[in-house]
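Student: What follows is a predicted protein model with its sequence.
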Amino acid sequence: MNSTLYLDTETFSAVDIRRVGAYRYAEHQSTRLLILAWALDDGPVTVEDITETGAPSAQFQALFNDPDTRLVAHNAAFDRLILSHTQGLNAPLERWYCTAAQARAHGYPGDLDTLSAALRLAEAAKDKSGKALIRLFCSPGRGGARATAQTHPEKWAQFLSYAGQDIIAMRAAHKVLPTVNFTGAEFETWLLDQKINDRGFAVDTDLARAAVGVAFRHREALDAELRELTAGAVGSLQQRDALLTHLAEFYGVELPDLTADTVRRTLDEGRLPETAARLLALRQEAAKASTAKYTALLESVCADGRVHGGLLFCGASRTGRWSGRLFQPQNLQRPDMPSDEIDVAIQAVKEGVLDLVFDKPLRVLSNAVRGCIVAAPARKLVPADLSNIEGRVLAWLAGEEWKLEAFRAFDAGTGPDLYRKTYAESFGVSVDSVTGTQRQVGKCLELSMGYQGWVGAFLTFAIIYNVDLDALAASVMASAEPGDWARSMRSAEWAAGENRLLGLEPHVYAACALLASAWRGAHLSTRALWRELEDAFRSAVLQPGVTFRVGEHLAIRGNGKQVRIRLPSGRFLIYDSPRLADGAISFMGFKEGRWLREYTFGGRLAENVTSATARDIMVGGMKRAEAAGYNVVLTVHDEIIAEVPDSPDFTADELSALMTPGESWSAGLPLAAHGFETHRYRKE
């Protein structure tokens with residue numbers, strides 16, 4: 001394309017975009033285009049007051065419609081939707097370019113203010129009063145009154161001036177941001193992301209509305225019982241501090257918090273007074289009472305009965321994975337009910353008889369939320385998931401050959417389950433002797449240890465998978481070599497002295513430490529990968545311009561301002577402003593909404609490259625699926641969810657096959673995927 005048209009819009013609407021999303025916001029009948037700011041290439045910024053002209057100028061429209069002009073916007077989907085819905089201006093998706101996506105693809109923040117600061121673009125700093133002006137003119141005031149140029153002429157003049165600053169900031173950022181991760185195949189991935197968000201997914205709004213009603217009624221009943229048990233001292237199960245104080249003062253039960261893990265572990269110990277146990281059980285039940293996801297679906301569903309914009313391209317910092325928006329499909333709770341029971345529960349919710357069928361309706365609702373995603377009439381959903389993709393990628397990057405062979409044998413049906421294999425390799429026992437309980441331990445080890453995890457990481461997964469830690473400790477003590485057990489007990493004594501027992505008894509901590517040590521002993525190549533990544537990163541900081549290889553598939557290089565890790569796919573992980581100080585590695589990154597200094601180490605770098613490579617494998621599958629007519633409507637972690645015609649021509653086996661041939665750069669990486677066909681989304 002010959003020219004670049006930078007553009008930005010300011011709008012008014014009666015709905016809150018943070019709640020309804022860009023798609024419903026743009027189509028809402030109250031939404032109006034107020035201001036259009038634009039600039040051609042390095043030319044001057046033009047700010048058009050659409051409230052006066054009624055439409056963009058002929059000059060702008062000519063540039064917008066010119067097929068040789070690239071359209072650049074920050075959060076381009078929003079401006080694309082606004083111009084389409086309010087002005088009838090449409091351009092092929094391929095002509096659009098998003099500087100927010102460009103920033104995220106390289107590990108920078110997508111927010112324009114934060115991005116400008118991260119890039120040290122002092123000349124592009126925005127007017128700090130801008131947010132107040134947006135609140136004034138872009139949303140209704142009290143009682144629904146609107147502020148306009150007529151009611152606030154001086155403020156409106158300031159708003160027009162402010163609008164042009166976004167163009168300056170965006171243009172400056174666009175010129176200095178890296179492009180290596182937002183050209184060619186990666187730009188095509190962003191285009192696919194836009195198509196997926198435009199497509200959206202269908203929603204069972206009847207189920208969502210009924211679920212909100214059930215949750216409200218049951219939460220009221222739980223709060224009423226709480227008030228009775230506490231004689232009114234605690235009015236709601238949401239009053240965390242009041243409940244903690246009541247438990248401590250009346251029952252001597254002192255807890256650090258009321259997180260799900262703390263409540264569960266305390267109840268499992270079985271040492272509480274009866275009323276205190278009931279109070280915690282009420283809290284546990286109420287924790288499942290959140291209707292946030294059901295409400296988000298209802299608020300964001302568009303006129304076509306679908307939610308659009310549920311994914312954010314490169315939303316996961318640095319690795320390039322998607323994050324969720326609105327409904328947040330990436331953090332759905334793991335079901336703890338069988339699929340057939342959930343199906344019965346969904347029908348009961350819709351018929352208003354859930355309380356008659358299930359004892360704990362709020363638990364049921366937390367299990368049923370996936371079921372709000374449905375196929376449109378005459379269509380079906382085909383979800384398929386890459387099997388243990390991060391475990392496979394980590395073994396491949398590390399060259400952990402015994403494990404790669406184990407994956408290949410398992411896929412061929414000639415080898416054991418990998419969790420049994422992991423336990424057997426860690427403890428030097430035969431696979432055939434591994435019990436179901438030991439397999440569960442192997443699963444927790446496999447999920448927690450790969451990125452240099454230790455007892456805390458193992459404990460997290462042990463809780464998720466209901467491992468009886470006391471029974472585990474007894475088993476480990478009985479089978480451990482005396483010298484090994486003595487060393488683990490010494491580590492527990494050290495942890496106790498450092499106040500790092502994580503709430504465990506010393507012998508339980510020692511058992512977990514022994515398990516972690518055994519896993520590491522069986523994964524020497526993985527341990528070498530942690531060390532080599534950290535050493536190469538340090539060397540790249542100290543020796544700019546020199547490339548350091550890590551194994552067969554990774555390369556690291558610094559340039560004095562950044563350290564870049566080249567992935568097998570050719571994509572890069574970028575670490576800005578790296579620093580070595582007091583033996584620690586740090587860099588500037590976007591975390592919890594802020595641009596701040598983060599610290600890293602070999603295990604975390606291993607997680608970064610593994611997760612990013614797994615993402616690149618999945619992207620290849622998504623593109624092949626699209627080409628074969630499997631219209632992707634969502635991706636959740638390592639799962640693709642496609643919506644297709646309800647015919648035998650589209651199958652889970654075919655989608656799985658499309659996801660697993662591997663890429664030109666992934667030779668030797670064993671892949672497997674499994675899926676199913678359904679009309680209502682669920683977790684298999």
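Tutor: Nice, thanks for sending it over. Numbering: from 1, shown residues only.

Student: domain parsing for the protein?
Tutor: Listed domain ranges for the chain are 3-177, 201-374, 401-522 (source: automatic domain parsing).

Student: mean pLDDT for those domains: which is lowest?
Tutor: Lowest mean pLDDT within these: domain 201-374, a mean of 87.

Student: now the closest residue to Tyr423 other than its chain neighbours, what's its secondary structure?
Tutor: Excluding the flanking residues, the one nearest Tyr423 by C-beta to C-beta, 6 or more residues apart in numbering is Gly442, at 3.4 Å. Bear in mind the C-beta positions are built from the backbone N, C-alpha and C, glycine included. Three-state assignment for Gly442 (DSSP: H, G, I helix; E, B strand; the rest coil): helix.

Student: With the one 10 residues further on instead?
Tutor: Taken by three-state DSSP, the conformation at Gln452 corresponds to coil.

Student: so who does it touch?
Tutor: The contact partners of Gln452, taken as C-beta atoms under 8 Å, 6 or more residues apart in numbering, are Trp530, Phe601, Gly602, Gly603, Arg604, Ala606.

Student: Of those residues, which is the nearest to Arg70?
Tutor: The closest of the contacts of Gln452 to Arg70 turns out to be Arg604 (C-beta to C-beta; 36.9 Å).

Student: host element of that closest one?
Tutor: Assigned by DSSP states H and E, Arg604 belongs to helix 602-627.

Student: cool, and Leu596?
Tutor: strand 594-600.

Student: That strand vs helix 602-627, what angle?
Tutor: Relative orientation of strand 594-600 and helix 602-627, computed by axes from the mean of the first three to the mean of the last three C-alpha atoms, to 10 degrees: 120 degrees.

Student: contacts for strand 594-600?
Tutor: Strand 594-600 has contacts (C-beta under 8 Å, 6+ apart) with 109, 114, 117-118, 537, 575, 577, 579, 584-589, 591, 608.

Student: Now that we have these, which of them are buried?
Tutor: Pro109, Thr114, Ala117, Ala118, Phe537, Tyr575, Ile585, Ser586, Phe587, Met588, Gly589, Asn608 (16 or more other C-beta atoms under 10 Å).

Student: Could you export those as TSV, including distance to Gly54 and secondary structure?
Tutor: Output for the buried ones among the contacts of strand 594-600, formatted as TSV (distance: C-beta to C-beta, whole Å; DSSP: H, G, I helix; E, B strand; the rest coil):
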residue	distance to Gly54	secondary structure
Pro109	36	coil
Thr114	35	helix
Ala117	37	helix
Ala118	38	helix
Phe537	56	helix
Tyr575	49	strand
Ile585	56	strand
Ser586	53	strand
Phe587	49	strand
Met588	45	strand
Gly589	45	strand
Asn608	50	helix
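
Student: any idea how far Val434 is from the residue nearest to Tyr423?
Tutor: 7 Å (C-beta to C-beta, to the nearest Å).

Student: before we move on, back to that, okay, now the residue nearest to Tyr423: neighbour count?
Tutor: Neighbours of Gly442 under the rule other C-beta atoms under 10 Å: 24.

Student: close enough to count as contact, it and Val431?
Tutor: No: judged on C-beta atoms under 8 Å, Gly442 makes no contact with Val431 at a distance of 10.1 Å.
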